[in-house]
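**Student:** Attaching a predicted model along with its sequence, questions to come.
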Amino acid sequence: LGMDIGDYYPNGKRWWFRLREKGGKDHEMPAHHNAEAYVDAYIQAAGIADQKRGPLFRSAVGKGKVLSDRRMTRHAALKMIQRRALDVDRRILGTDNPNVGCDLHRLAGIVCERGHPAEAEALQGAAVAAIEKALGADHPTFALALMGLGDVARAEGRRGEAEAAYTRALRISEKALGPGSGDVAELDLRLAALEQ
């Protein structure tokens, strides 16, 4: 994500990528022919070929298909990938598949972490419903979805709702996984944090 357009460059008959490591060291490698075709098409469609010092991977303006001059953040990239994974799972597996619920759960966590609790709550509510329908209300994956619902409620300052979701998830996890499981310990920590 930190690459500039100039970090994709011709070297003889091939195109190469220049990646910068955290310590400032450059790592150069030839582009795979498929990567070369995809990046060429992307640069052409975006109309950014002449901006060698500009970011290669850019954020979108709003929810449109127009790219800004700003570099895409890793959170935005993760959200984009998770949304696409959700779309693929819905199309291939159907909306009643538990993987779709898990995709919704992961996406809700990303959205909540980025400071959009209302959107996260809608996604997490859909995750809870999808997982409960697919696996039942006693399944440990359903407990994880409830924990996510509690996280969203906590982020919005709704302590009572967070506590109720965490407590229900704790009961399910203790029954399904046993009192010594990592999920139980995590829920105990989250409930204790609510008390502070």
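**Tutor:** Alright, I've got the coordinates.

**Student:** what packs against the helix or strand encompassing residue 87?
**Tutor:** Taking DSSP states H and E as the definition, residue 87 sits inside helix 74-93. Packing partners of helix 74-93 (3 or more CB pairs under 8 Å, 6 or more residues apart in numbering; DSSP states H and E): helix 98-113. Where you see a C-beta, it was placed from the backbone N, CA and C, and this is true even at glycine.

**Student:** Mind listing what's buried along the helix it packs on?
**Tutor:** Neighbour counts over helix 98-113 (16 or more other CB atoms under 10 Å) mark 98-112 as buried.

**Student:** between those, which is nearest residue 122?
**Tutor:** residue 108 (8.2 Å; CB to CB).

**Student:** Can you identify each of the helices in the chain by residue range?
**Tutor:** 33-46, 74-93, 98-113, 117-135, 140-155, 159-177, 182-195 (DSSP state H).

**Student:** what's the offset of the first one from the middle of its chain?
**Tutor:** What that stands for is helix 33-46. Centroid separation between helix 33-46 and its chain, computed with CA atoms, centre = their mean, to the nearest Å, is 24 Å.

**Student:** Which elements pack onto it?
**Tutor:** By 3+ CB pairs under 8 Å, 6+ apart, helix 33-46 packs against strand 14-20.

**Student:** can you dump the C-alpha coordinates of the strand it packs on into PDB?
**Tutor:** Output of strand 14-20 as PDB, limited to C-alpha atoms (Å, rounded to 0.1, in the frame of the first residue of the first chain):
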ATOM      1  CA  ARG A  14       9.900  -6.800 -17.900                       C
ATOM      2  CA  TRP A  15       8.200  -4.600 -15.400                       C
ATOM      3  CA  TRP A  16       9.500  -4.600 -11.800                       C
ATOM      4  CA  PHE A  17       8.200  -3.700  -8.300                       C
ATOM      5  CA  ARG A  18      10.200  -1.700  -5.700                       C
ATOM      6  CA  LEU A  19       9.100  -2.500  -2.200                       C
ATOM      7  CA  ARG A  20      10.400  -0.400   0.800                       C
END
